[in-house]
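**Q** Predicted model and sequence follow; I will ask about them next.
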Protein chains: 2
Amino acid sequence: MPPVNLKRLAQELNLSIATVSRALQDSYEVSAHTKERVRALAAELNYQPNAYASSLRRNVSKTIGVVIPEVNNHFFSLAINGIEEVARQSGYHVLIYLTHDDYEREVGITQYLTGGRVDGLLMSVASESREFEHLQKLYASKPAIVFFDRVCEALPTAKVTTNDYESGYLATAHLIEAGCRHIAHLLVSGNLSIGRMRMQGYQAALREHGLEFDETLVLTGDADDERNKERIMDLLRTRPEVDGIFASVERLALSSYQACKELGRAIPEQIKVVGFSNLGVASLLDPALTTITQPAYDIGRQAATILLRAIEKKKAILPSQSVVLKSELFARRSTAR
Amino acid sequence: MPPVNLKRLAQELNLSIATVSRALQDSYEVSAHTKERVRALAAELNYQPNAYASSLRRNVSKTIGVVIPEVNNHFFSLAINGIEEVARQSGYHVLIYLTHDDYEREVGITQYLTGGRVDGLLMSVASESREFEHLQKLYASKPAIVFFDRVCEALPTAKVTTNDYESGYLATAHLIEAGCRHIAHLLVSGNLSIGRMRMQGYQAALREHGLEFDETLVLTGDADDERNKERIMDLLRTRPEVDGIFASVERLALSSYQACKELGRAIPEQIKVVGFSNLGVASLLDPALTTITQPAYDIGRQAATILLRAIEKKKAILPSQSVVLKSELFARRSTAR
DNA sequence: GAAACGCCCGCAAACGTTTGCGTAGATAAA
DNA sequence: TTTATCTACGCAAACGTTTGCGGGCGTTTC
């Protein structure tokens, strides 16, 4: 049997393709009676418009891309939930790309995306990325871009972030007030603005509480959890005075737990730990983990909303549309006195 | 400046569009010299083919869809990792759709997907789905489909699952051997084959160990964690003899922890818990959770591999290509004697 | 009565690619 | 010289949709 497309509908109804197309779009140029006939047959034959033909003609794909480091991470999976939610409501489709924090992959992916496959892009850059030329190229190739969390400051577009400086400050101050004097800071990349902000908050809190910043207590992790754990253990062994850990990313907080377990250091008695985390089970950990929790779901929603609004209005996205949401500190047993 | 497409390249090189197209595809019908010229200019202008025009013409989109209940779940996020991995390697793009275990959404999404937007589909059906007519329609509309984990048995296509019957048996036997005599079974949907299998394993283990099956100890949860917790608490209050819980899905295991905490029941002294889970931090919970862990990443990889192979060969997918992977039991403190 | 207008609808071009077919020119075979 | 073979390329149709333009027909306006 012939495929069910506009031509097929037109033939069966003795109409032109143009009229059928317009009828389905509820155009004012076609009579109510005809519209009804068209819709009836379309429903009966279960007509589904060819998305590619439509995209080609209109130069609009009703698709957005999401480029993130990983999905097996509560922050990003919650963000995706938010993104998918608003995309679906607006009839948009969501393409997903994972960089695994690998610079090469990120470059490859952005290559793809300069082809006009997506109308817009939501992005959280890979921690390894030091060069942003690929992002510049991507930006030049038109699609609307909104960065979230791990932003690229070099591009003049909207960014959705959290109050990272304050959060870093808050986490550190919380440890100090709990009695810590030698606080290690675990982060994942020094060249991400988000990491720098948290670091500055950390430093400011130390300074204002009369503690001096010791850069040998700063440890930069990577994507390998096992290695991170080893390095944390090394740090704890060589610097036995460390009595607090501020992990600026979930994975490193968990690796710290592992490290302490293996070394037999008691949390919170010997070492207190606070970490950025969206772990739903933080309160069920042993001991319950004190967290700085980002409103991941809302971040996703906001970023997607800004993006879609710009796409629909065919307007460029401005940095002035940037949003800063607030993270929250949940004090639990891992930082109890 | 004019857009950079085949026409533009052709003009600048004094060639026909056809030749340029063929050159870029490394066709044997174009000379090495010309190919080189074309490639050079394409690279210089950063030419990216229009994916929609190409898809329209070839009737192939190089895109697969992934339809799952949620992404904020370790099983699915790991599976996505596997899927994205093999898709990327083969040059495929991944569209993602979340059903939130909602039947209506699943129907809506499958509607979309009958439009030929994707070459193939990976699916894990929503727990609420009782009717599968929408899946039948989808199946009839051609795209290759592979189910994983939460399969729809009614469709004659490949399925990637785990040994759910054995796992259910194993988990239950493990509890019994740890001394439990009144074991509750928490599941999420009785009409999913996966749930039935686990249930049967549970029953078989009871039977073979001389315990009788008590259906009032079976609790069917839903998507609302708070309500699930309440219901578990109700169960534990009205049936104080319950000394073991087998949660056939991660969320319910965690809700059980919450419930026990609120009721002051000690795990594992008073109640032992085992649950299906891909939680990386299971060992860091209080107490460490005994889990049945599915090879989620491999499931994703396998399912995607089967799907892509079928797409590339343009062959229908047969049930005979189904794969059953093995889950593993990790005994931890939550089931210690 | 002609002119003007509004309602419906069809024609055909366009979006950027791919691909079957045709062919000009060069070389080889007869 | 003629014929056949091959290489390298161009022409044009096709994929399914959207949309500017034009026109037939009926109603209103002066």
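**A** Perfect, thanks for sending it.
**Q** Isn't A:V323 up against A:R301?
**A** No - counting by C-beta atoms under 8 Å, A:V323 does not reach A:R301; the two are 10.5 Å apart. No exception for glycine: its C-beta is placed from N, CA and C like everyone else's.
**Q** Could you count how many residues lie near A:N191?
**A** 13 (other C-beta atoms under 10 Å in any protein chain shown).
**Q** Name the SS class of the closest residue in space to it that isn't next to it in sequence, please.
**A** The shortest distance from A:N191 to any non-neighbouring residue, by C-beta to C-beta, 6 or more residues apart in numbering or on different chains, is to A:R130 (5.4 Å). The local conformation at A:R130, judged by DSSP: H, G, I helix; E, B strand; the rest coil, is coil.
**Q** how near is A:R130 to chain B?
**A** For A:R130, the distance to chain B equals 22 Å [C-beta to the nearest C-beta, to the nearest Å].
**Q** Tell me how many other residues surround that residue.
**A** Using other C-beta under 10 Å, A:R130 has 11 other residues around it.
**Q** That one reaches A:V107, doesn't it?
**A** No - A:R130 is beyond contact range of A:V107, at 11.7 Å (criterion: C-beta under 8 Å).
**Q** do stretch A:35-49 and chain B meet at all?
**A** Yes - using C-beta under 8 Å from any C-beta of the partner chain, we find that stretch A:35-49 touches chain B at A:N46, A:Q48, A:P49.
**Q** check contacts around the second one.
**A** Going by C-beta atoms under 8 Å, 6 or more residues apart in numbering or on different chains, A:Q48 touches A:V4, B:Q111, B:Y112, B:T114, B:G115, B:G116, B:S141.
**Q** what two of those residues are the furthest from one another?
**A** Spatially, the most separated pair among these is A:V4 and B:Y112, at 15.6 Å (C-beta to C-beta).
**Q** next SSE after the lowest-mean-pLDDT helix or strand in chain A?
**A** Least confident helix or strand, chain A: helix A:133-140 with a mean of 86, by mean pLDDT, DSSP states H and E. Later in the chain than helix A:133-140, the nearest helix or strand by DSSP states H and E is strand A:144-148.
**Q** what helices or strands is that following strand leaning on?
**A** Judged by 3 or more C-beta pairs under 8 Å, 6 or more residues apart in numbering or on different chains; DSSP states H and E, strand A:144-148 is in contact with strand A:120-123, strand A:159-162, helix A:296-313.
**Q** Quick check: which of those is nearest to B:S61?
**A** strand A:120-123 (19.0 Å).
**Q** What lies in contact with that closest one?
**A** With contacts defined as C-beta under 8 Å, 6+ apart, strand A:120-123 is touched by A:64-68, A:83, A:113, A:138, A:143-148, A:152, A:300, A:303-304, A:307-308, A:310-311.
**Q** got it, and stretch A:252-271?
**A** With contacts defined as C-beta under 8 Å, 6+ apart, stretch A:252-271 is touched by A:178, A:186-188, A:221, A:225, A:228-229, A:232-233, A:236-237, A:242-245, A:247, A:273-277, A:285, A:287, A:289, A:291, A:333-337, B:280-281, B:284.
**Q** Among the residues you listed, name the buried ones.
**A** Buried by 16 or more other C-beta atoms under 10 Å in any protein chain shown: A:178, A:186-188, A:221, A:228-229, A:232-233, A:236, A:242-245, A:247, A:273-277, A:285, A:287, A:289, A:291, A:333-335, B:281, B:284, out of these.
**Q** Just the ones of those in helices?
**A** Using DSSP state H, the members of the buried ones among the contacts of stretch A:252-271 that fall within helices are A:N228, A:K229, A:I232, A:M233, A:L236.
**Q** all helices in the stretch 1-150 of chain A, in order from the N-terminus.
**A** A:6-13, A:17-24, A:32-44, A:51-58, A:74-89, A:103-113, A:133-140 (DSSP state H, counting those that start in this stretch).
**Q** Would you mind measuring from A:I17 to chain B?
**A** From A:I17 to chain B the distance is 16 Å (C-beta to the nearest C-beta).
**Q** Wait, that residue touches A:Q11, no?
**A** No - the pair A:I17 / A:Q11 is not scored as a contact, 9.1 Å apart, by C-beta under 8 Å.
**Q** Closest approach to DNA strand C from the stretch 201-337 of chain A, which residue is it?
**A** A:K314 (16.5 Å; C-beta to the nearest atom of the strand).
**Q** Quick check: that residue vs A:R117, distance?
**A** To A:R117, A:K314 is 18 Å away according to C-beta to C-beta, to the nearest Å.
**Q** what's the answer for A:L217, then?
**A** 45 Å.
**Q** just A:L236 next, same as before
**A** From A:L236 to A:R117 the distance is 47 Å (C-beta to C-beta).
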